[in-house]
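> dropping the sequence and predicted coords here.
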Amino acid sequence: MAVIEYFYSAHSAFAYLGSRRLMAIAEAAGAEIIHKPNDLRLVLEAIGLANFAERSAAHKAYYFKREVDRWSEYRDAPVLGYRPTYHDNGIALSNGMLIAGLEQGLDVGELAHAMLEAHWRDDADLDDRQTLADIARKIDVDPDPLLAAAMSDEIQALYRANTQEAIDRAVLGSPTYFVDGDMFYGQDHLEMVERALVKPFKGDWPI
């Protein structure tokens, strides 16, 4: 079975915008998505990218507004029209909840999408346990065992391992996909991911 390694954070705008398309591509190709929720803030820090507050107004206006709005329209993925109110809150709980789901044998694709959608469409606080519980219940997922484990030493160790793996493999942000070792950064490369599943691109990715 073909595999797509999927590095992302549960609060990422561009992971949200590509989420449904990724799942459709995987289903059509009979490919498995290997979810790797990670600490995006540490990954960006490792590549020397300035934090949001330090970026220019022009960069923010284009990358976090115009790009989001256009891809929202193109992918039919509604967004708020502004940066979510709680976007700077903690991300360990939501990412940990997804990892807990993986460890408990859950296919977390729909849960991840529901989190991303709630954050970017509905302004949900993904660092709030009740909010996360409500999101899970809306898609018929029992949140209790996931939330009970999310911040445990075991799950947070896996979260750190995912983050270190992302850094070691030169992941540039969220989402980043790997197909047979070839890296594709950004949901705007999903059509290339789709092609790579049936016909790999020439050349090698060195990481």
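Structure received.
> helices or strands next to the worst-scoring helix or strand of the chain on mean pLDDT in the packing?
Within the chain, judged by mean pLDDT, DSSP states H and E, the helix or strand with the poorest mean is helix 57-61; its value is a mean of 84. Helices and strands touching helix 57-61, as assessed by 3 or more C-beta pairs under 8 Å, 6 or more residues apart in numbering; DSSP states H and E, are absent. Every residue, glycine included, has its C-beta placed from N, CA and C.
> quick one: distance of that helix to the chain centre.
22 Å (C-alpha atoms, centre = their mean, to the nearest Å).
> only C-alpha atoms, please: export the very next helix or strand once past that helix in PDB.
Next along the chain after helix 57-61, taking DSSP states H and E as the criterion, comes helix 67-75. The C-alpha atoms that make up helix 67-75 are tabulated as PDB, following Å, rounded to 0.1, in the frame of the first residue of the first chain:
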ATOM      1  CA  GLU A  67      -3.500  33.200   0.300                       C
ATOM      2  CA  VAL A  68      -5.900  31.800   2.900                       C
ATOM      3  CA  ASP A  69      -8.900  33.600   1.300                       C
ATOM      4  CA  ARG A  70      -8.100  32.400  -2.300                       C
ATOM      5  CA  TRP A  71      -7.400  28.800  -1.300                       C
ATOM      6  CA  SER A  72     -10.600  28.800   0.900                       C
ATOM      7  CA  GLU A  73     -12.600  29.700  -2.200                       C
ATOM      8  CA  TYR A  74     -10.700  27.300  -4.400                       C
ATOM      9  CA  ARG A  75     -10.900  24.300  -2.000                       C
END
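> contact partners of helix 67-75?
Residues from elsewhere that reach helix 67-75, judged by C-beta atoms under 8 Å, 6 or more residues apart in numbering: Ala13, Phe14, Leu17, Gly18, Arg20, Arg21, Ala77, Pro78, Val79, Gly81, Gln187, Asp188.
> now do 7 Å
Contact partners of helix 67-75, identified using C-beta atoms under 7 Å, 6 or more residues apart in numbering, comprise Ala13, Leu17, Arg21, Pro78, Val79.
> the first one: neighbour count?
Other residues near Ala13 number 25, with proximity taken as other C-beta atoms under 10 Å.
> what's the separation between the closest residue to it other than its chain neighbours and Asp88?
Nearest non-adjacent residue to Ala13, counting by C-beta to C-beta, 6 or more residues apart in numbering: Val68, 5.3 Å away. According to C-beta to C-beta, to the nearest Å, Val68 and Asp88 sit 17 Å apart.
> all good on my end, thank you.
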